[in-house]
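# one predicted model, sequence on top.
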Number of protein chains: 2
Amino acid sequence: MTDATDDEFEAYADLGATTADAMEIAETSMDRVHELVPQETLADRIRAKSVHATGDSEFQHLVRFTGTDDSEPVRAGARAVSNERPIVTDITMVQAGITGRGHDCPVRKAIGNGAELAAETGMTRTAAAVLELDREGVYDDAIATIGNAPTAALALADCIEQGTRPAVVVATPVGFVKAAESRERIREVCADHGVPAITNVGRRGGSGLAAGLTNELIHVASDARNGDVVLDE
Amino acid sequence: MTDATDDEFEAYADLGATTADAMEIAETSMDRVHELVPQETLADRIRAKSVHATGDSEFQHLVRFTGTDDSEPVRAGARAVSNERPIVTDITMVQAGITGRGHDCPVRKAIGNGAELAAETGMTRTAAAVLELDREGVYDDAIATIGNAPTAALALADCIEQGTRPAVVVATPVGFVKAAESRERIREVCADHGVPAITNVGRRGGSGLAAGLTNELIHVASDARNGDVVLDE
């Protein structure tokens, strides 16, 4: 049992821990991560979270930031959280990984929308779902998080090319087919159209990583609210 | 668009793909994985799934099987699926990752149970939840899947030591503190008490991996039902 203060308790609760044992694990765990990742910029917080989420100190080198500087997507994401903009995930599993604490953003998922479009066209359910939500304007100024489906990332890239402007894109689909390519396309399209994005290179990634990185945007917003972080340049 | 037959369609639907594009990705993806992982034993199917879930060909070497032989936990898990035994996950995110197709097992999560115990003792919410469900006899003959919380794995190990007998344990908590140790303890206790287990070594792991490996047990059960796989020795 730890004898943490209320403030400390709140800090560790941000990591998903709400009891004394969990706080101790969360504290020690982030201490270990901070031995491995610099703590200089807001981008470093995302790098650290990637290490925390994957259990792999090398993952920090696989994260990519699209923006005017590496920290821009983090500021943009945290601002969107502060503005209570929707967090829109591709699948249920990513949605389930988004913390309920420290924000008032609606959290919704794409999957489940656009079933008719998928059936008609043969495109994946998540790609059709992204196009359907985009038709409703859901992605503009939203936090668009894609953890699983490469085709959802490709569909979102098409939407951005056609004028959709998410506040930030977090895209980490995993796998051997189209995953790395879908993230590369997100980076290209986002760079062309001034949409901040957080992605990774390589085949790895996944739902847990996407949820973890999005949760870190929420934590940065909380820290900004508390005056521990300044989001304006 | 592929011109897959109904049978092919069903096979790819097992991978979570239900439209033509998704089928094509799923097909090509598993083809790539099968270039990297042997396809000789049922254990190899779990190794292949670990590569598929992590996007990392090296992950196959990190998977560990506790049982009379490497394939025993796979047979035990598939039999439990066929017997419609409950799949019990630690957290919501893992539950959300379990496929709804190809089985009639109830899928439930530990988290949300045992809140009073956690508050009283300071143990983690998931550890308290495991102890609470164990008190109700939920884990006996169940598929116990732990993807996130080391303390949940440690609590489950305690339960097994005290007489609980899951049909199979799938444990892949990720992280820098207690994660590897919790899996090591699962392996020791399961070996001592004849409980089949699928775990991994190292710091990596997580919810997506745990859900993927559990889904593979479901797919093996489907194949056994179709006569493509024999579960009896």
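Structure received.
# render the CA-only coordinates of stretch A:80-91 in PDB, please.
Coordinates of each C-alpha in stretch A:80-91 appear next as PDB, following Å, rounded to 0.1, in the frame of the first residue of the first chain:
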ATOM      1  CA  ALA A  80      -9.400  19.300 -29.300                       C
ATOM      2  CA  VAL A  81      -9.800  17.400 -26.000                       C
ATOM      3  CA  SER A  82     -10.200  20.700 -24.200                       C
ATOM      4  CA  ASN A  83     -12.800  21.800 -26.700                       C
ATOM      5  CA  GLU A  84     -14.700  18.600 -26.000                       C
ATOM      6  CA  ARG A  85     -14.500  17.500 -29.700                       C
ATOM      7  CA  PRO A  86     -15.500  13.900 -30.400                       C
ATOM      8  CA  ILE A  87     -13.000  11.100 -30.300                       C
ATOM      9  CA  VAL A  88     -13.900   8.800 -33.200                       C
ATOM     10  CA  THR A  89     -12.300   5.400 -33.300                       C
ATOM     11  CA  ASP A  90     -12.400   2.800 -36.000                       C
ATOM     12  CA  ILE A  91     -13.400  -0.300 -34.000                       C
END
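# can you get me a residue count around residue A:163?
When neighbours are defined as other Cβ atoms under 10 Å in any protein chain shown, residue A:163 has 9 of them. For the C-beta atoms, the positions are set from N, CA and C on the backbone; glycine is no exception.
# now residue A:217
If you count neighbours by other Cβ under 10 Å, residue A:217 ends up with 31.
# and the closest residue to it other than its chain neighbours, what element?
Closest residue in space to residue A:217, ignoring its immediate chain neighbours: residue A:77 at 3.6 Å, by Cβ to Cβ, 6 or more residues apart in numbering or on different chains. Secondary structure assignment for residue A:77, by DSSP states H and E: helix A:72-82.
# quick one: the strands in chain A?
Chain-ordered strands for chain A, with DSSP state E as the definition, fall at A:63-66, A:87-89, A:107-109, A:143-146, A:168-171, A:197-200.
# elements contacting the second one?
Contacting strand A:87-89 under the criterion 3 or more Cβ pairs under 8 Å, 6 or more residues apart in numbering or on different chains; DSSP states H and E are the following elements: strand A:107-109, strand A:143-146, helix A:207-225.
# which residues are in contact with the residue nearest to residue A:217?
For residue A:77, the contacting residues are A:143, A:167-168, A:170, A:196, A:198, A:214, A:217, A:220-221, taking Cβ atoms under 8 Å, 6 or more residues apart in numbering or on different chains as the criterion.
# again, only this time at 7 Å
Residue A:77 is in contact with A:143, A:167-168, A:217, counting by Cβ atoms under 7 Å, 6 or more residues apart in numbering or on different chains.
# in a markdown table: the residues you listed, plus pLDDT.
As requested, those are arranged in a markdown table below (pLDDT from 0 to 100):
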| residue | pLDDT |
| --- | --- |
| A:143 | 98 |
| A:167 | 98 |
| A:168 | 98 |
| A:217 | 98 |
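# please report how far residue A:129 lies from chain B.
11 Å (Cβ to the nearest Cβ, to the nearest Å).
# what about chain A, any weak spots by pLDDT?
Residue ranges of chain A with pLDDT under 70: A:1-19, A:233.
# before we move on, the earlier item: need the contacts of residue A:77 in CSV with distance to residue A:181, can you?
Supplementary listing: those in CSV, determined by distance: Cβ to Cβ, whole Å:
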residue, distance to residue A:181
A:143, 23
A:167, 24
A:168, 21
A:217, 25
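# check the residues you listed and tell me the two furthest apart.
A:167 and A:217 (9.7 Å; Cβ to Cβ).
# so which of the helices and strands packed on strand A:87-89 has the densest surroundings on average?
By mean neighbour count, with neighbours taken as mean count of other Cβ atoms under 10 Å in any protein chain shown, strand A:143-146 ranks first of those at a mean of 31.
# list the neighbouring strands of that one plus their orientation.
Paired with strand A:143-146 in the same sheet, following DSSP bridges, are strand A:87-89 (parallel), strand A:168-171 (parallel).
# need the residues that contact it.
By Cβ under 7 Å, 6+ apart, the list of residues contacting strand A:143-146 from outside reads A:77, A:80, A:85, A:87-90, A:94, A:152-153, A:156, A:166-171, A:173, A:210, A:214, A:217.
# of these, grab the buried ones for PyMOL.
In PyMOL syntax, the buried subset of those is picked out as below (16 or more other Cβ atoms under 10 Å in any protein chain shown):
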select buried, chain A and resi 77+80+85+87+88+89+90+94+152+153+156+166+167+168+169+170+171+173+210+214+217
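# that older thread, can you add distance to residue A:106 and give the strands paired with strand A:143-146 back as JSON lines?
What follows is the strands paired with strand A:143-146, written out as JSON lines (distance: least, Cβ to Cβ, whole Å):
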{"stretch": "strand A:87-89", "distance to residue A:106": "7"}
{"stretch": "strand A:168-171", "distance to residue A:106": "16"}
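# figure out which of those strands is closest to residue A:184.
Ranking the strands paired with strand A:143-146 by their distance to residue A:184 (criterion: Cβ to Cβ) puts strand A:168-171 first, at 10.1 Å.
# got the contact list for that closest one?
By Cβ under 7 Å, 6+ apart, the surrounding residues in contact with strand A:168-171 are A:73, A:76-77, A:80, A:143-146, A:153, A:156, A:183, A:186, A:190, A:195-199, A:210, A:213-214.
# check the gap between the residue nearest the centre of chain A and residue B:157 for me.
Averaging the C-alpha coordinates of chain A gives a centre point, and the residue nearest to it by Cα atoms, centre = their mean is residue A:214 (3.0 Å). From residue A:214 across to residue B:157, the span is 32 Å (Cβ to Cβ, to the nearest Å).
# tell me how far the residue nearest to residue A:164 when sequence neighbours are not counted lies from chain B.
With Cβ to Cβ, 6+ apart as the criterion, residue A:164 has its nearest non-adjacent residue at 5.0 Å, and that residue is residue A:139. Separation of residue A:139 from chain B (Cβ to the nearest Cβ): 20 Å.
# ok, residue A:139 - contacts?
Here residue A:139 is in contact with A:88, A:133, A:159, A:164, A:166 (criterion: Cβ under 7 Å, 6+ apart).
# in helices only, show me these.
Using DSSP state H, the members of the contacts of residue A:139 that fall within helices are A:133, A:159.
# from the contacts of residue A:139, which is closest to residue A:44?
The shortest gap between residue A:44 and any of the contacts of residue A:139 belongs to residue A:166, at 22.9 Å (Cβ to Cβ).
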